Each structure stands twice: as C-alpha cells, then as structure tokens.
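Chemist: I need the structure of the sequence given here:
(chains A and B)
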Protein chains: 2
Amino acid sequence: MSLRGGLDLGGTKIQAIVFDTGDERVLGQARRPTPQEGGPAAVTGALVEALQEATQGAGLVPERLAGVGVGSPGETDSAQGTVAHASNLPDWDAPFALAAALSERFGAPVSIGNDVDVATQAEFQLGAGRSASSLLGVFWGTGVGGGLVFEGQPWSGRGAAGEIGHMVIKRDGARCPCGRRGCMEAYAGRRAMEERARLLTDRGRKTELFRIMRERGRSNLSSGVWARALSRGDELASEVVERAVGALGAGIASAVNLLDIELVVIGGGLGVRFGEPMAERIFAAMRPHLFFDDRPPVVRVAALGDLGGAIGAALLSERLSPAPAPA
Amino acid sequence: MSLRGGLDLGGTKIQAIVFDTGDERVLGQARRPTPQEGGPAAVTGALVEALQEATQGAGLVPERLAGVGVGSPGETDSAQGTVAHASNLPDWDAPFALAAALSERFGAPVSIGNDVDVATQAEFQLGAGRSASSLLGVFWGTGVGGGLVFEGQPWSGRGAAGEIGHMVIKRDGARCPCGRRGCMEAYAGRRAMEERARLLTDRGRKTELFRIMRERGRSNLSSGVWARALSRGDELASEVVERAVGALGAGIASAVNLLDIELVVIGGGLGVRFGEPMAERIFAAMRPHLFFDDRPPVVRVAALGDLGGAIGAALLSERLSPAPAPA
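Modeler: From the prediction side, this is the model:
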C-alpha cells in the first residue's frame, strides 16, 4: 500500500485527495477556493489546509504520505519543483519553489507537474484510456488544454506541448483571450463563451444565464450555470455552446488528422459536466473534417471526472519519487 | 558496405537511386515519368526500368543490391508489401502486391513505406534533422503532407498520421481538393494554387504563369513554373504564393502549439524549389500564431532536396530487411 497526496491547483479551486495507489482508491478528499490575492504564499497556505483536511478525512496525518503531487497551471519545472507564469493564479509570474515550500510543511517529498499533463496521464492509467496505448486528452474549461500520450509515454515536447486551444481554426477569426485571432479557445473556452454571451446580451438578446449565475451566488458563468441554462432550453446559451462545439470539432479533427490517434478523452469542467451527450455532439462536429472519415477515433468523456487532476498528481508523485524498497 | 535501391514513386515522376548506406552516398540515379495509364502493371514496369538505369549508372546489376525500398503514395502496408487507394496513380484503387512484383524482377527483398514517412525519416537520419531528436516534416507539393519523428521514433498513429494538409485553418473557408472546406491544402497545395490562379485569370487578372508553363512544355503549373513567375515579379503568382504561405504559417503553428516540437523541416517540390528565403517567410507567417512565441521551433529546408524520398526508401529497406550477418 502506497498512500499519496494529490493536489489539483486550479484558477478558482483547489482539489485535494489522499490516494491509495495500490488498490487505486480515493481515501479522503477536500476542496478549497483558490485565494485570489496574497500571491504564492497564500496559495501555498490553502494547498496545505486542503491536503490536511483530506488526510484527516482519511483518518491520517500528512506525515503518513509517501509523497505528494501537485498538478499546476503555468510553467512547471519538475526538476526544480517550481511554478512560473501562472496567469490564472494571483501575482504568480516569477518562478516560485512550490515543491520546497510544501515539502517542508508536509514532511514528505513533493512533485510538481503540469495540470493538464497529470490529468491526461490519470485518464490513461486509470480512466477512459485504460485500454488504449495512445490518446489525446482535451480539457474543456476556462480555456481548452490538451494532453498527449503516445505508445504509453506522455508527450510534452520541449515542455509545453498540448496547447490545442490555440490551434488556429479560423484565420482572422474571433479574438482569443490570449490576444491572437481564430484560436479554438476563442470560440470554445468558457471565458470566451461568457464574453460572447455578454456581447449578445448587450446587443439586446435575452438569456437566463446571468440570472442563474446570480441565483447560484457566482460571479461568472460556471460549468453548472451553462448546464442549467441548457436544461432550461435557453436559446442564447444553446447557440453559444453550439459555436463552441463546432470549434472543438474542427480543432480536434485537425489534431486527429495530424496524429491519427485512436482515442480522444474529453475532460475539464465543461466536458465532465456536459458528459456523454455532448461528447457525441463533439464527435459529430469532428466528422466532416476527418480526412479518413471511415475510421474515426473513439471519443469518450473523462472517466475520473473532477478528481482526475488530483489523481494524476498522486500518480505523478509515485512516478517521480517512488517509495524506497523495504530493507 | 550495404548497397540499397531506393524508389520514390510520385504522381508525376519516379526517382530511383542506388545508395550506399555505409558511407551515405548516392552511387547512381535515374528519373522516369510515372505512366498515366496502364495501372499498377505499367507503374511496376517503369519502377523496374528506373532502378535498372540507376544501377547501371553505378556500374552494377540489381542483383548486387541487399534490398530495395519504395516510398509510395496511397495506403501502404509494409507487412503485406501492398499499396492501395493511390489516387495520384493510374487505376490504382484495389491493393496491389507491389513488393512481390518488384522483388521477383530484382531478385532482392523489397520493402514498401509511405512516401512522406520515408522522406521524413531520411531528413531525420541524414538531412536537416540530423542533430534533432524530434521533428515535423512538411512536404509542400501537389498536396501538403506531414511526417513526424518523436524522440527518434517515427510516428504514424494507426498508420495514417501526418495529414497536416487537412488541418482546418479556416472553418467554412476555401474548398479543398479533398472535398472538405478550410483545410490548409485548400490554400497551400500546388493543385489548389493552380485552381486559384486559373480562377483569378478567368476573372480578368493577368499573369505569366500559363505562358511559362507552355514554354516549358508543361500541362500544369509545376514548382519550376511558379519559381520562374516569382522571379519575374508576376503579381498574381506572388499573391497566390503569399496566400499559401499564410495558410502554411497558421497550420504549422497549430501543429507546433499542439506538439511543441523543436524542428520543422520544409520539403516537397515547392518547398525544395523555393528554398531558404521561403522557409523564412513561412516562419514569419507562423510567429503570430505561436502560443509560446518567445521560443519558436527552428524551421529549415529539407537538406536532401529532391532525393530525400528515394534515400528514405533505401533506408527503409535497410531497416525492414537488414542484411544477414556474415557467416
């Protein structure tokens, strides 16, 4: 039995788990909002609290953990244990030695990896990609991230592969939050979708999206808000989601034409929330663009759901700091 | 010393070489037009003649060859030695056992591979990618094909990876020769470029392209015709090439955003003919779309030029049918 801590650090929330990598079970979990000010120190504090709560839930203390993994946005350096340029995190531009800061608090080795990469690896080892040898993970949330596994090995290029959200699907098209034009994310990212909904509302269109948002005490259009609006038949919401699905179809099909990969796993906040019916719509939107359309890849929803990132972080810890063999 | 025959089977021409894989030298070469009728039998005959001429040029007989490789369009099956669905070759839809037919004539083992894959592998082993561990090959000719090497290993997915020409760069954009809309090849493939030039001419625009074509006794706009028109300052030709370069920039940048690959090698008839200055223009067209624009990949012209495909075929022969160890 090897107990590992897994921390999924997101722009809005932190997910912590205690994971038994032997029988692949989540023994405890906790969730915290990501501090929106206070920089790396505040985020480190929230990560510590979240993991302490998760270990308590499992009836343990953090010192029992053989190691802790963190899946983080921004530029992660596994060798140095640092995170830099995390634009979704508060005041986090310079490299911060997150592994060292956490390891001191936990009394266990801490490994850092890219959030999308660890979530992809988790789906590959334990989730929707269990029986596949290669896969493309598409994480549809605030942005659209991608993860790649080729013949069982994660592929990160020179360290920054997977920016599927910034594949160009419409030259001179919509402005992307990244500042460029025509990226897939400019149509399909939740941030871009919200901007689109606000624009259409400003133009006089009606929607329940923002009322649902306020009812739920949200300050932006979360995945749950979009799902609720769709279930109520909100026309503007349907239209914006349809636009996103079309963009995802073109972008994912492009990646498949390039890589001829056997499996596409759709995860992320929106991907998991919308589930199988939306994955089928994405598949349908891919088909007209597939060069070999008689043998498309399989498209599946991420099987580990919201916990995939944290499970992937725990698996990363095991890979990068294996427990010493018993004497 | 291991002498191998290499055959690059194209839609318009066949290139044959005799290659010494020991000191990496081309000992003889010959070129033949690809028969435009007569089906696989006629093409087989032309391949035999071309290799016989190349071996004669090297002062040899084909029986001296340790093996022969063929880089072919269409669906190639290395295990079966067959080629199917080769739409650029005459009457070649059903699988044809090309390896068996050639091997009988040459008295040497024959290996079949995809034309773009073998050309990519040649650039990786002996050409512009010699010092790289991973690369993306972009073959800019009648169509636009792609080849991938990750950490020294060729990547072909489920057998059909590399269709970079059919990545979508403009949803609902120009009609592609493949029948879909908005593919990179719809702007950048030589066939699409010729269609564009004809369309603009029909609309009353002036160009020297078709006069140069006739002067050279061509029936279509070859790479040489395009190069000549550009060197004469032909405005329409410049405009169509600029459109192609913009499309290549967006499509290649998309692939780089997904894969974060260190090196892009530009080959193919147009790529080799236009050379370094055009590779620089493609690089400039990529930059605005690169997500990590502070560390772009290196972009280079294929170093093996027109012979890359045939050299790659010879290398394939060595890989798939190594010479028996001396007794």
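
Chemist: Who are the contact partners of A:Y187?
Modeler: A:169-170, A:173-174, A:243-244, A:246-247 (C-beta atoms under 8 Å, 6 or more residues apart in numbering or on different chains). For glycine as for every other residue, the C-beta is placed from the backbone atoms N, C-alpha and C.

Chemist: State the distance from the residue in the stretch 51-200 of chain A that chain B sits nearest to to B:L148.
Modeler: In the stretch 51-200 of chain A, the residue that lies nearest chain B is A:G157 (2.6 Å; C-beta to the nearest C-beta). Note on A:G157: its distance to B:L148, by C-beta to C-beta, to the nearest Å, is 12 Å.

Chemist: right, is the helix or strand hosting A:A119 up against chain B?
Modeler: Assigned by DSSP states H and E, A:A119 belongs to helix A:115-126. No: Helix A:115-126 lies out of reach of chain B by C-beta under 8 Å from any C-beta of the partner chain, never closer than 11.5 Å.

Chemist: C-terminal to that helix, what's the next element?
Modeler: strand A:135-140.

Chemist: So which of A:G157 and B:L148 has more stuff around it?
Modeler: B:L148 (27 against 20; other C-beta atoms under 10 Å in any protein chain shown).

Chemist: re the thing from before, can you tell me which of the contacts of A:Y187 has the most neighbours?
Modeler: A:I169 (32 neighbours).

Chemist: that older thread, so for A:G157 and B:L148, which residues contact both of them?
Modeler: Any residue near both A:G157 and B:L148 by C-beta under 8 Å, 6+ apart counts here, and that gives B:L259.

Chemist: Could you tell me which residues of the stretch 151-300 of chain A lie near chain B?
Modeler: A:155-164, A:166-171, A:173, A:178, A:180, A:182, A:246-247, A:250-251, A:253-255, A:257-262, A:288-289, A:291-292, A:295.

Chemist: now, which of those residues lie within helices?
Modeler: A:246-247, A:250-251, A:253-255, A:257-259 (DSSP state H).

Chemist: Would you mind pulling the contact partners of stretch A:88-102?
Modeler: A:9-11, A:34-40, A:42-44, A:47-48, A:68, A:70, A:72-75, A:77, A:80-87, A:110-112, A:142.

Chemist: thinking again about what came up before, excluding chain neighbours, give the residue nearest to the residue of the stretch 51-200 of chain A closest to chain B in space.
Modeler: B:D260 (2.6 Å; C-beta to C-beta, 6 or more residues apart in numbering or on different chains).

Chemist: and the gap between that neighbour and B:S134?
Modeler: 9 Å.

Chemist: what does A:T120 give?
Modeler: 19 Å.

Chemist: more crowded one of those two?
Modeler: A:T120 (33 against 22).

Chemist: doesn't A:G147 make contact with the more buried one?
Modeler: Yes: here A:T120 lies in contact with A:G147, judged by C-beta atoms under 8 Å, at a distance of 2.6 Å.

Chemist: Touching both of these two, which residues are there?
Modeler: Joint contacts of A:T120 and A:G147 (C-beta under 8 Å, 6+ apart) are A:137, A:154, A:162.

Chemist: Highest neighbour count among those?
Modeler: Top of these by neighbour count (other C-beta under 10 Å): A:G137, with 32 neighbours.

Chemist: Any idea what it is bridged to?
Modeler: A:G147, A:V265 (DSSP bridges).

Chemist: May I have the residues that are in contact with it?
Modeler: By C-beta under 8 Å, 6+ apart, the neighbours of A:G137 are A:116, A:119-120, A:123-124, A:129, A:146-149, A:264-265, A:267, A:302.

Chemist: Check A:E37 too.
Modeler: A:90-91.

Chemist: what number of residues lie near the closest residue to A:N257 other than its chain neighbours?
Modeler: Ranked by C-beta to C-beta, 6+ apart and with sequence neighbours excluded, the top spatial neighbour of A:N257 is B:E163, at 4.2 Å. The number of residues packed near B:E163 is 26, by other C-beta under 10 Å.

Chemist: pretty sure B:E163 contacts A:F291?
Modeler: Yes: when contacts are counted by C-beta under 8 Å, B:E163 is listed as touching A:F291 (4.5 Å).

Chemist: Now the common contact residues for these two.
Modeler: By C-beta under 8 Å, 6+ apart, the residues touching both B:E163 and A:F291 are A:N257.

Chemist: Show me which parts of stretch A:62-72 are buried, residue by residue.
Modeler: A:62, A:65-72 (16 or more other C-beta atoms under 10 Å in any protein chain shown).

Chemist: The helix or strand of chain A with the lowest mean pLDDT and chain B in contact?
Modeler: Across the helices and strands of chain A, the lowest-confidence element by mean pLDDT, DSSP states H and E is strand A:75-77, at a mean of 91. No: when contact is scored as C-beta under 8 Å from any C-beta, no part of strand A:75-77 falls within range of chain B; the minimum is 9.2 Å.
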